[in-house]
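**Q** show me the folded form of this:
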Amino acid sequence: MAIPTAVVGCGSIAQGAHLPNLSSSPNFDLRIVCDRDDALAGEAAAQWSVPETCTDWRRVVESDGIELIVLCTHTNLRAELICAAARAGKAVYAEKPLAANFEEMLRIEQVVGETGAAVCVGHNRRSSPAVEEFRRLFDLARERGADRPAVLDRTGGVREPIPEETRPQLLLRVNDDARTWKPWVFEDREGILLIEMVHFIDLALWLMGRRPVEVDAVGSNRGNVTAMIRFDDDSAATLFHTMVGNFDYPKELFEATARNVTIALDHHLEVRQRGLEDEPFRSFFPLQSGAELTDRPGIEGYYEATDRLQELRRAGGEAPCPMVFPNKGHAEHMERFGRHLRGDGPNPCPVDGAVLVTRVGLRLLESAREGRRVSLGEEPG
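**A** Here you go, the predicted structure:
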């Protein structure tokens, strides 16, 4: 049975991902769209054939016909709506970050704990098919190590490993282009470091599976920042974000190393590895948008499709898509939460996991502003 659903906030993430995904899924019944801009709500309702609109999110929370609220607003509306919905017995899918400060984060954690409400945070990259494969290989590497000999080994295969060789390392590189962001992002107090980089903080914590103990960030909360998360076993994750890249270059490159195995994920389109004998060197994943512009798989297909789209626009031809885009798991994450609400499987990102992500994100923000390392034991609560 389809879940009666409402969307609150009709901006870019709603129109680019959640509204089309919800409206095309047989598992959700999209009944209400809400935005403080009545015209925007009306346009969204017309485009996605939604029968009802409103401008006050409280009407959505009070509606007897709604079981799931998909929250797509700015972070200024998180705790108020999530807590009200939880007390009304409604499930919430909230866009990241969970909260913009410790007070709201702790309030959400308390109310969700008291009510037992189902709340999922939109750290959708956990549900990217390419990331799932990346994690599977990373887990294998940590479990058994390399079983394919490298071409060079000066130990002769007999030296005992040094301590550093037992500690996995993770690098998450994000190539961004400041020209693609709306101006409010650069005026926002939290900036890119919190509202966007929580995606990669979440991935680092989820992939490493260890307790973070210390963070260090160098750069600007608006972008051009390098951040380090150290874990309780002295393993580490490094997050590198640039705002002076080019939008036509792939955005996300992740590399994990463990027990002489190296694994890379390139923009959710291909995963590569060296060191695991019985695993393929490379696995490909299809484009979500722009696949009609290329016959080539993986990252080479991305370049070809991007160049072809540029050529069509310069020639004044009709573009088949607004951009070339990989599958980052938006639809899969929502579907997994829908199955969870029907009693089939776990919540893909419950509040307790998102609270830890928020703690780390807020401490990285503090580190960047104050120019110092920050312990994860310093936060309130």
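
**Q** tell me where the stretch 1-150 of the chain has helices.
**A** Taking DSSP state H, counting those that start in this stretch to define them, one finds helices in the stretch 1-150 of the chain at 12-13, 19-24, 38-48, 57-62, 79-87, 102-115, 129-144.

**Q** can you pull out the low-pLDDT segments for this structure?
**A** 378-381 (pLDDT under 70).

**Q** how does it divide up, domain by domain?
**A** 3-125+338-348, 126-328+359-375 (automatic domain parsing).

**Q** return the most buried member of the ones you listed.
**A** Mean neighbours per residue, mean count of other Cβ atoms under 10 Å, is largest over these for domain 3-125+338-348, with a mean of 19. In this view, the C-beta of every residue, glycine as well, is placed from N, C-alpha and C.

**Q** next up, phi/psi of the spatially closest residue to Met228 that is not a sequence neighbour, please.
**A** What sits nearest to Met228 in space, not counting adjacent residues and going by Cβ to Cβ, 6 or more residues apart in numbering, is Asp216, at 4.7 Å. With angles defined as degrees, to the nearest 10, Asp216 sits at phi -150, psi 130.

**Q** all helices of the stretch 251-381 of the chain, in order?
**A** Secondary structure of the stretch 251-381 of the chain (DSSP H, counting those that start in this stretch): helices located at 298-314, 330-341, 351-370.

**Q** tell me which of these sits nearest to Asp64.
**A** Asp64 lies closest to helix 330-341 among these, at 17.1 Å (Cβ to Cβ).

**Q** among the helices of the stretch 1-150 of the chain, which is nearest Gly122?
**A** The nearest among the helices of the stretch 1-150 of the chain, by Cβ to Cβ, is helix 12-13 at 8.1 Å.

**Q** please state the offset of that closest one from the chain centre?
**A** Averaging C-alpha positions (Cα atoms, centre = their mean, to the nearest Å) puts helix 12-13 14 Å from its chain's average.

**Q** ok, stretch 356-376 next?
**A** 19 Å.

**Q** ditto for stretch 30-49
**A** With Cα atoms, centre = their mean, you get 25 Å for stretch 30-49.

**Q** same question for stretch 183-193.
**A** That offset, for stretch 183-193, works out to 18 Å (Cα atoms, centre = their mean).

**Q** and that stretch, how far apart are its ends?
**A** For stretch 183-193, the first and last residues are 15 Å from each other (Cα to Cα, to the nearest Å).

**Q** now what about it, what contacts it?
**A** With contact meaning Cβ atoms under 8 Å, 6 or more residues apart in numbering, stretch 183-193 is reached by 75, 97, 100, 176, 178, 181, 195, 217, 220-223, 225, 227, 241, 243, 361, 364-365, 368.

**Q** hmm, 7 Å instead?
**A** Stretch 183-193 is contacted by residues Ala100, Ile195, Asn221, Arg222, Gly223, Val225, His241, Leu364, Leu365, Ala368 when judged by Cβ atoms under 7 Å, 6 or more residues apart in numbering.
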